[in-house]
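S.K.: no FASTA, just this:
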């Protein structure tokens with residue numbers, strides 16, 4: 001099967017990639033079960049691109065029920081070597097207000113009970129991957145350069161805190177995360193990043209800040225309508241960024 005130049009995993013509010021030309025829906029199964037939905041493979045900027053909606057195209061899967069292993073396995077099976085994960089997040093510190101696009105360089109995992117490795121069964125060799133830099137530096141550099149060429153503001157750096165969900169966090173939990181050094185909070189950053197590293201995939205996170213986290217900024221009660229409105233506004237420049245990255 002021909003290689004895929006880039007695979008994109010869409011998060012909350014990003015259920016399709018309208019710029020994808022003549023997409024083919026590929027259904028599949030993996031040793032780890034079924035992915036979240038079909039992988040849609042088409043062309044963008046003359047390159048072969050795959051798109052997968054992390055929560056399913058109808059947003060039926062909560063963060064703790066996403067089959068992260070199947071998703072990444074299927075993308076690699078289709079020939080992907082680079083994955084750009086789009087994650088909808090809350091902002092904790094000052095640079096990361098609503099509608100900001102960010103490219104974090106660190107993360108802290110607060111999740112629990114998720115299947116977090118391909119190497120958790122009996123028999124075989126146990127693999128301990130290096131994870132000091134959880135996002136592939138070369139891919140991050142490529143995304144930053146592409147954003148500059150596309151004229152798209154993108155905050156470089158920041159620490160993503162991955163929480164269990166599906167509920168949002170308390171003010172005390174966010175205060176703890178701030179003390180820990182987190183700038184962003186989301187529910188899907190792990191184990192996805194760690195699993196990508198186990199498979200040898202280049203992986204970076206493009207974080208869309210949908211709202212202030214509890215107790216931060218001018219945070220009031222968070223509504224889904226507000227989140228989706230902010231995601232739509234912030235992701236308007238995504239096609240241009242992808243074209244620049246693939247060019």
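M.R.: Received, thanks. Owing to the predicted nature of the structure, the values given are computational and were not obtained by experimental measurement. Numbering: from 1, shown residues only.

S.K.: residues contacting residue 188?
M.R.: 11, 54, 63, 66, 85, 87, 162 (C-beta atoms under 8 Å, 6 or more residues apart in numbering). For every residue, glycine as well, the C-beta is placed using N, CA and C.

S.K.: Specify the local secondary structure of it.
M.R.: coil (DSSP: H, G, I helix; E, B strand; the rest coil).

S.K.: I'd like the distance from it to residue 63, if you could.
M.R.: For residue 188, the distance to residue 63 (C-beta to C-beta, to the nearest Å) stands at 5 Å.

S.K.: what's the answer for residue 143, then?
M.R.: From residue 143 to residue 63 the distance is 23 Å (C-beta to C-beta).

S.K.: Next: residue 3.
M.R.: Residue 3 is 30 Å from residue 63, by C-beta to C-beta.

S.K.: out of those two, which sits in the more crowded spot?
M.R.: With neighbours defined as other C-beta atoms under 10 Å, residue 3 and residue 63 compare such that residue 63 has more, 22 against 11.

S.K.: Double-check the more buried one against residue 165; I have them as touching.
M.R.: Yes: at 4.0 Å, residue 63 and residue 165 qualify as touching, with contact defined as C-beta atoms under 8 Å.

S.K.: So the residue nearest to the spatial centre of the chain: helix, strand or coil?
M.R.: With distances taken as C-alpha atoms, centre = their mean, residue 85 lies nearest the centre of the chain, 3.0 Å away. Following three-state DSSP, residue 85 is assigned to strand.

S.K.: again, but for the one 5 residues further on
M.R.: For residue 90, the reduced secondary structure class is strand; criterion used: three-state DSSP.

S.K.: who's in contact with the nearest residue to it once chain neighbours are set aside?
M.R.: The spatial neighbour of residue 90 that comes closest, neighbours along the chain excluded (C-beta to C-beta, 6 or more residues apart in numbering), is residue 213 at 3.7 Å. Residue 213 sits next to 90-92, 169, 174, 177, 185, 219 when contact means C-beta under 8 Å, 6+ apart.
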